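>>> below are the sequence and a predicted model for it; my questions follow.
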Amino acid sequence: MSKIWKAYLRLLEKHPAKTQIIQTGILMSTGDIISQVGVEKRPVKEIDWKRNGKFSAFGFFLAGPAVRAWYNTLDKIIGPLAKRAALKKMAADQLFFAPSFLTIFVSYMALTQGGGKQEIIQKLKKEYLQILTTNYKIWPAVQMVNFYFVPLQLRILVVQVISLFWNTYLAFVSNKE
């Protein structure tokens, strides 16, 4: 395991953006697979790969780059590790980033499920408040620990490990009939 960790750290040092974006796409895909097989009880041979591709694409092209840029911005604006800085970053994250990011997520899912403007609005009305409320039960504590103890280059990894479970939840909620 230490060889894998060291290889990961070398990749992260050499190619931070690519590494963080790729890991986000892979972990979003994994969360959807866990949702389909573990929560929705779909047999492995019946995994909806098109749906999974939508989750992967969201991770690769939206979530990965957005979270990376957000964390870099927070560090530039608020500063590095410190109690007060961690609290400010968590507050900014939960007051600004989370609500807008979740709006984009729910809208993206409606759009990729074939919906237009009306379907996006309906999906936001149906799912957004539930997802945001659940977000506030989990992420403030995670982000306080993350912003206080974890160096910038490893924050996305910490978030993505927790996000494996979060993405499973999002996949389930956003694909309920």
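It's in.

>>> for the chain, which helix is longest?
Counting by DSSP state H, the longest helix found in the chain is helix 152-174.

>>> give me the buried positions along that one.
Buried residues in helix 152-174, counted by 16 or more other CB atoms under 10 Å: 155-160, 162-163, 166-174. For the C-beta atoms, the positions are set from N, CA and C on the backbone; glycine is no exception.

>>> other SSEs contacting it?
If contacts are counted by 3 or more CB pairs under 8 Å, 6 or more residues apart in numbering; DSSP states H and E, helix 152-174 sits against helix 2-14, helix 16-34, helix 49-57, helix 64-78, helix 98-112, helix 129-149.

>>> helix 2-14 and that one, what's the angle between them?
Interaxial angle, helix 152-174 versus helix 2-14 (axes from the mean of the first three to the mean of the last three CA atoms, to 10 degrees): 100 degrees.

>>> sorry, back to before: of the helices and strands packed on helix 152-174, which stretch is the most buried?
Most buried of those by mean neighbour count (mean count of other CB atoms under 10 Å) is helix 16-34; its value is a mean of 20.

>>> what's next to that one, contact-wise?
Helix 16-34 is contacted from outside by 8, 11-12, 47, 51-52, 55-60, 63-65, 67-68, 153, 156-157, 160-161, 163-168, 170-171, using CB atoms under 8 Å, 6 or more residues apart in numbering.

>>> what is the mean pLDDT for that helix?
Per-residue pLDDT over helix 16-34 has a mean of 94.

>>> number the residues from 47 up from this point.
Sure, I'll start numbering at 47, so the last one becomes helix 62-80.

>>> and that helix with helix 48-60, angle?
Going by the same axes, to 10 degrees, helix 62-80 makes 130 degrees with helix 48-60.

>>> so helix 62-80 versus helix 95-103, what angle?
150 degrees.

>>> pull the distance from helix 62-80 to the chain's centre.
Relative to its chain's centre, helix 62-80 lies at 9 Å (CA atoms, centre = their mean, to the nearest Å).

>>> got the angle for it vs helix 110-124?
Using the same axes, to 10 degrees: helix 62-80 against helix 110-124 is 130 degrees.

>>> shaky segments in the protein?
Counting by pLDDT under 70, the chain contains low-confidence residues at 127, 223.

>>> alpha carbons of the host helix or strand of Ala132, as CSV, please.
Assessed by DSSP states H and E, Ala132 sits inside helix 129-138. Output in CSV follows, covering the C-alpha atoms of helix 129-138 (Å, rounded to 0.1, in the frame of the first residue of the first chain):
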residue,chain,number,x,y,z
LYS,A,129,-8.3,27.7,13.1
ARG,A,130,-9.8,30.9,11.9
ALA,A,131,-9.0,30.3,8.3
ALA,A,132,-10.5,26.8,8.5
LEU,A,133,-13.8,28.2,9.9
LYS,A,134,-13.9,30.9,7.2
LYS,A,135,-13.2,28.4,4.4
MET,A,136,-15.9,26.0,5.7
ALA,A,137,-18.4,28.9,5.9
ALA,A,138,-17.5,30.1,2.4
